[in-house]
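>>> Fold the following.
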Amino acid sequence: MLNIRYETVLDYPAIADVNRLAFGQDNEANLIDKIRLSDHYIPELSLVAEIDNVIVGHILFSYIDLVNTEKLQVIGLAPLAVHPQFQRQGIGSALVEAGLKIVNDRGEVLVIVLGHPHFYNRFGFQPSVIYQIESPFPVPDDVFMVKPLQNYQQKYTGKVVYPATFAEV
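The predicted structure follows:
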């Protein structure tokens with residue numbers, strides 16, 4: 001049975017392993033380590049999925065900035081990883097749903113993700129350009145997406161600025 005819970009310090013090595021296996025590189029595992037050491041880290045928004053007490057998936061939501069006439073704090077979803085042996089079984093979807101519920105319950109305003117539209121659209125993510133939110137990366141409009149939450153307000157427009165942590169990986 002799938003269990004989703006907050007990460008603990010003891011989970012860090014398993015989370016790094018899942019990310020390395022899922023992405024085939026160390027970048028995401030290194031990014032997670034750096035975010036944890038920053039003021040952008042939100043402990044209750046780093047979730048693991050486990051089956052029989054073995055971590056098979058991980059999702060991290062952290063603070064990023066939206067800059068226009070003022071700098072506003074929003075939530076970035078990155079990374080999401082599922083162990084290759086457990087992919088395509090609904091684990092990633094369960095992690096996204098659990099995380100979005102916590103983010104919304106915390107009163108956050110919107111979540112931003114760079115990812116596959118066919119996966120994230122089902123959770124209510126839409127191209128950021130619809131909300132006048134600009135990607136910091138030269139990517140197609142449909143892969144840089146936002147999901148407005150219950151506290152969303154129209155003043156949340158501008159260019160997304162990821163913390164330096166993201167560039168250091």
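>>> Do you have the helices of this protein handy? List them.
12-23, 27-36, 91-105, 117-120, 164-167 (DSSP state H).
>>> now for those helices, which one comes closest to Arg5?
Nearest of the helices of the chain to Arg5, taken as CB to CB: helix 91-105 at 9.1 Å. Every C-beta, even on glycine, is put in place using the N, C-alpha and C of the backbone.
>>> So what's the model's average confidence on that closest one?
In this model, helix 91-105 has a mean pLDDT of 97.
>>> Show me what that helix is packed against.
Applying 3 or more CB pairs under 8 Å, 6 or more residues apart in numbering; DSSP states H and E, we find helix 91-105 packed against strand 2-6, strand 41-51, strand 54-67, strand 71-82.
>>> Adjacent strands (with direction) for the last one?
With DSSP bridges as the test, strand 71-82 is paired with strand 54-67 (antiparallel), strand 110-114 (parallel).
>>> Show me the one of those that comes nearest Gln132.
Counting by CB to CB, Gln132 lies closest to strand 54-67 out of the strands paired with strand 71-82; the figure is 10.4 Å.
>>> Name the nearest residue to the residue lying farthest from the centre of the chain, ignoring sequence neighbours.
The outermost residue of the chain relative to its centre, with distances by CA atoms, centre = their mean, is Thr69 at 25.2 Å. With sequence-adjacent residues excluded and distances taken as CB to CB, 6 or more residues apart in numbering, Thr69 is closest to Gly158, at 7.9 Å.
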